[in-house]
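[1] Whatever this is, show me its structure:
(one chain, ligands or ions: 1)
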Amino acid sequence: MRILIIEDEHQLATAIAAVLQKENYTVDVCHDGETGLAFAITQIHDLIICDLMLPRLDGYAIIRALRSQNIQIPILILTAKTDSDETIIGLDCGADDYLTKPFVMGELLARLRALSRRFGHIVATNLLTFSNLSLNPQTLLVQTPHTHLQLTLKEAQVLELLLKNQTTIVSKELLITKIWGYDSEAEDNHVEVYISFLRKKLLLLNAAVQIQTVRGLGYCLRNTQEGEI
Ligand code: CA
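    As a prediction, the model looks like this:
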């Protein structure tokens, strides 16, 4: 699970990141709102921890921007005061939960677990689609209009990550981190093997989708029903 922390108090951000990494979460940290939003829009994260008072763009604006683009990633806000107005505005903007500073790390971890349980279920039942292909990440069933195939767990996880990042290039490093874990011994050739399995299955399905290799960068999906760019 990959978590984005948007927090301008460096010490606090570092402390949260250290605790989360110890719990085997993968963590990215941003110290200002603009960078945080740019990261959040890539949708590679499973959850966002967001401070409200931030330089360049505040937490409310980040949450509104994500929700207006229909990005439903769970967001936990950190509020500086016990001022309930601030919290209410944050939740009204589309945040899912909040913690008031100062907080104990144990409570933060418990809330993250609760959020991921609540949202893991919703995310898992959503069909992911691209061109004439769709994947159900819960059943690992991939289908085109006339046929379907069962994927293995790892194949489905690789395809899921590509489908969730249709507009960007997905690096091998990201695939390894997300699927095998950041401290795993998996190497680039693990990814290559699964990409090759998936390519064969896409052919069998007659899917109008190709997994393109972008040399030195990673992989991206291409809709073969569209003309060449
Ligand atoms: Ca702040």
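
[2] just checking, Ala50 is part of a helix?
    No, residue 50 isn't Ala; it's Cys. No. Counting by DSSP: H, G, I helix; E, B strand; the rest coil, Cys50 falls outside a helix, being strand.

[3] any idea where the strands of this structure begin and end?
    Listed in chain order, the strands of the chain (DSSP state E) span 2-6, 26-30, 47-51, 75-79, 97-100, 128-130, 133-136, 141-144, 147-150, 209-214, 218-223.

[4] report the angle between the axes of the helix or strand bottoming out on mean pLDDT in the chain and strand 2-6?
    Across the helices and strands of the chain, mean confidence by mean pLDDT, DSSP states H and E is lowest for helix 105-125: a mean of 77. Here helix 105-125 runs at an angle of 120 degrees relative to strand 2-6 (axes from the mean of the first three to the mean of the last three Cα atoms, to 10 degrees).

[5] from the chain's centre, how far out does helix 105-125 sit?
    14 Å (Cα atoms, centre = their mean, to the nearest Å).

[6] picking up where we left off before, tell me which of the strands of the chain sits nearest to the ion.
    Proximity to the ion, assessed across those by Cβ to the ion, is greatest for strand 47-51 (4.4 Å). C-beta coordinates here come from the backbone N, C-alpha and C atoms, glycine included.

[7] In the closest one, which residues are buried?
    Within strand 47-51, the residues that qualify as buried are 47-51, counting by 16 or more other Cβ atoms under 10 Å.

[8] which among these are in contact with the ion?
    Asp51 (Cβ under 5 Å from the ion).

[9] Now the two most distant members of the buried residues of strand 47-51.
    Maximum pairwise distance among the buried residues of strand 47-51 (Cβ to Cβ): 14.6 Å, between Leu47 and Asp51.

[10] Just the local confidence number for the nearest residue to Cys30 once chain neighbours are set aside, please.
    Distances taken as Cβ to Cβ, 6 or more residues apart in numbering place Gly36 nearest to Cys30, at 4.0 Å, with adjacent residues excluded. pLDDT recorded at Gly36 is 96.

[11] pretty sure Gly36 contacts Asp58?
    No. Using Cβ atoms under 8 Å, Gly36 makes no contact with Asp58, being 10.3 Å away.

[12] For those two, indicate the residue with more neighbours.
    Gly36 (26 against 16; other Cβ atoms under 10 Å).

[13] Look up how far the ion lies from that one.
    Per Cβ to the ion, to the nearest Å, Gly36 is found 11 Å from the ion.

[14] okay if I get the strands of the chain as JSON lines plus mean pLDDT and distance to Asp85?
    Listed next are the strands of the chain as JSON lines, based on pLDDT from 0 to 100; distance: least, Cβ to Cβ, whole Å:
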{"stretch": "strand 2-6", "mean pLDDT": "93", "distance to Asp85": "21"}
{"stretch": "strand 26-30", "mean pLDDT": "91", "distance to Asp85": "25"}
{"stretch": "strand 47-51", "mean pLDDT": "96", "distance to Asp85": "16"}
{"stretch": "strand 75-79", "mean pLDDT": "94", "distance to Asp85": "10"}
{"stretch": "strand 97-100", "mean pLDDT": "92", "distance to Asp85": "12"}
{"stretch": "strand 128-130", "mean pLDDT": "89", "distance to Asp85": "38"}
{"stretch": "strand 133-136", "mean pLDDT": "90", "distance to Asp85": "42"}
{"stretch": "strand 141-144", "mean pLDDT": "89", "distance to Asp85": "47"}
{"stretch": "strand 147-150", "mean pLDDT": "89", "distance to Asp85": "51"}
{"stretch": "strand 209-214", "mean pLDDT": "96", "distance to Asp85": "47"}
{"stretch": "strand 218-223", "mean pLDDT": "95", "distance to Asp85": "44"}
